[in-house]
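Peer 1: Dropping the sequence and predicted coords here.
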Amino acid sequence: MYQIVPIKTTPKNKFGTLECQPEPCSDEGVVKLAPFNRKDLYAGIVEVCHNGYWGTICTDSLTRSWSEKNAHMACWNVVDPVTQIHLYSGALNSIILSTLPDSYKVSQSVPIHFSSVACNGTETTFANCDKISTNTSTCTHDYDAAVVCRQRNNTNDVRLVGSVTDGQGAVEMKFAGYGWVRLCPGAFDLSGVCNKLGYTSTTYNTYT
């Protein structure tokens, strides 16, 4: 969430001082979570890479709130930096930090990049959601956007592809020696796919 730069010393302070600066990033528009704690990595403050630094999103807006669609797009766009696999299938909840203790909030050195985010659910990336650069005079970290993401359960051998809508897509399964194979409705029992991907419902519909 932030980095510590080298210690600076002055004649009046022989021990020096620590100066916290924003954490740098390189991939514009990439999303990550700043977890509330080290155990629950799927819940935290949404940070976006913008202008070379990680920063938060302000939800203190009279016209646009931090909606479920915004939260879903944020969670869906969190990927493993090495494998580029999507870590979450969507959002369980959207959170505004004003409802949480101060211990959950980020350092004041972290910039607030955007406000008034409005995702419609059809975007391919969070960067494509409508948003405006924030006015830091009206936004504080008390109103940072946060989420609780839906964890994927063992997605090594089954996945949904071809849709940005939460819980929809073509079912593909990974077979040894063949790689990813798309399953046809009626050819396989799909009743366990939803639970395997972390959804509580066992109800599913098939489309052609």
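Peer 2: Perfect, thanks for sending it. What you see is a predicted model, and the numbers here were worked out from it, not measured in a lab.

Peer 1: and after the biggest helix by length in the chain, which helix or strand comes next?
Peer 2: Ranked by residue count, the top helix of the chain under DSSP state H comes out as helix 68-76. Following helix 68-76 in sequence order, the next helix or strand is strand 88-96 (DSSP states H and E).

Peer 1: What helices and strands are in contact with that following strand?
Peer 2: helix 68-76, strand 145-151 (3 or more C-beta pairs under 8 Å, 6 or more residues apart in numbering; DSSP states H and E). For the C-beta atoms, the positions are set from N, CA and C on the backbone; glycine is no exception.

Peer 1: out of the ones you listed, nearest to residue 107?
Peer 2: strand 145-151 (15.2 Å; C-beta to C-beta).

Peer 1: The closest one to helix 68-76, inter-axis angle?
Peer 2: Relative orientation of strand 145-151 and helix 68-76, computed by axes from the mean of the first three to the mean of the last three C-alpha atoms, to 10 degrees: 60 degrees.

Peer 1: Strand 145-151 pairs with which strands?
Peer 2: strand 43-50 (antiparallel), strand 88-96 (antiparallel) (DSSP bridges).

Peer 1: ok and the helix or strand just after the longest one relative to strand 145-151, angle-wise?
Peer 2: What that stands for is strand 88-96. Next in sequence after strand 88-96, counting helices and strands by DSSP H and E, comes strand 112-118. Going by the same axes, to 10 degrees, strand 112-118 is angled at 70 degrees with respect to strand 145-151.

Peer 1: would you list the helices and strands packed on strand 88-96 in a markdown table and tack on mean neighbour count and mean pLDDT?
Peer 2: Below are those laid out as a markdown table (neighbours: other C-beta atoms under 10 Å; pLDDT from 0 to 100):
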| stretch | mean neighbour count | mean pLDDT |
| --- | --- | --- |
| helix 68-76 | 25 | 88 |
| strand 145-151 | 23 | 85 |
